[in-house]
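[1] Fold the stuff below for me.
(one chain, ligands or ions: 1)
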Amino acid sequence: MKIVLATSNIGKIKEFKKMLPEMEVITFKELLGDMEIIEDGESFKANAIIKAKAIYDKLADKEAVVISDDSGISVPALGNEPGIYSARYAGIGSSDKQNNEKLISKINALGIERTPAFYTACIAIVYKDEVCTVHGWMHGMVTNKEVGSAGFGYDPLFVPKGFDKTLGELPLEVKKEFSHRAKALKLAKKVLDVIL
Ligand code: ITT
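    A predicted model of the protein is given here:
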């Protein structure tokens, strides 16, 4: 089964490929080149659908299955910031480093070193006229220090529940067992079993 990934995030691509060893996973860039998609939805679900549909509509192969992922980190002590704005927390086009620095400064402004946080992932699956979405979450704490270089995005700040290390220190082999993306993908595989 060939899956087209509607993401240009290298960290996500690496994780999807690791979690879908039995499938042929190809990125949309390999088929369509660079493409800008305006993510103007007001939820992870809305943005995931926007991305998957935008890619499916451009593909010549209408038998293709397109999967997108819209995700982010939410910090209740900050009113659930950055949430759907995680990729552009420090401004449009900001790097992971800049986003992490902004989150660290917000945590420091609360006068604390760590606070509960959770990641959300919404995966949208588009196949012919079908659009399905599934969600997954991972809870833990976000800290005011970047530790480790594994993973991507906010991982060096995030200590998953039950661990005393950040995802920057834990290998992908560990993250892939319980991450928000892994949980959503487990459900997505059930959807694929039904529609294909
Ligand atoms: P695509 O839209 O091309 O998929 P993106 O990076 O813009 O790539 P999102 O709009 O879904 O993707 O933004 C997600 C952001 O949330 C991402 O840039 C990371 O900063 C963060 N994020 C999501 N999942 C993460 C994870 O597993 N580990 C670390 N950070 C994560």
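[2] can you give me the mean pLDDT across the strand or helix carrying residue 29?
    Secondary structure assigned from DSSP states H and E places residue 29 in helix 28-32. Averaging pLDDT along helix 28-32 gives 97.
[3] same deal with stretch 159-166?
    98.
[4] The chain should start at 188 in everything you say after this.
    Will do, 188 is the new start, and the previous item becomes stretch 346-353.
[5] Do the helix holding residue 216 and the ligand come into contact?
    No. Between helix 215-219 and the ligand, judged by C-beta under 6 Å from any ligand atom, nothing touches; the nearest distance is 8.9 Å. C-beta coordinates here come from the backbone N, C-alpha and C atoms, glycine included.
[6] centre of the chain versus that helix, how much separation?
    Taking C-alpha atoms, centre = their mean, to the nearest Å, one finds the center of helix 215-219 at 19 Å from the center of the full chain.
[7] Please identify the buried residues of it?
    residue 215 (16 or more other C-beta atoms under 10 Å).
[8] just stretch 205-222 next, same as before
    Those would be 206-207, 210, 212, 214-215, for stretch 205-222 by 16+ other C-beta under 10 Å.
[9] How far does that stretch sit from its chain's centre?
    15 Å.
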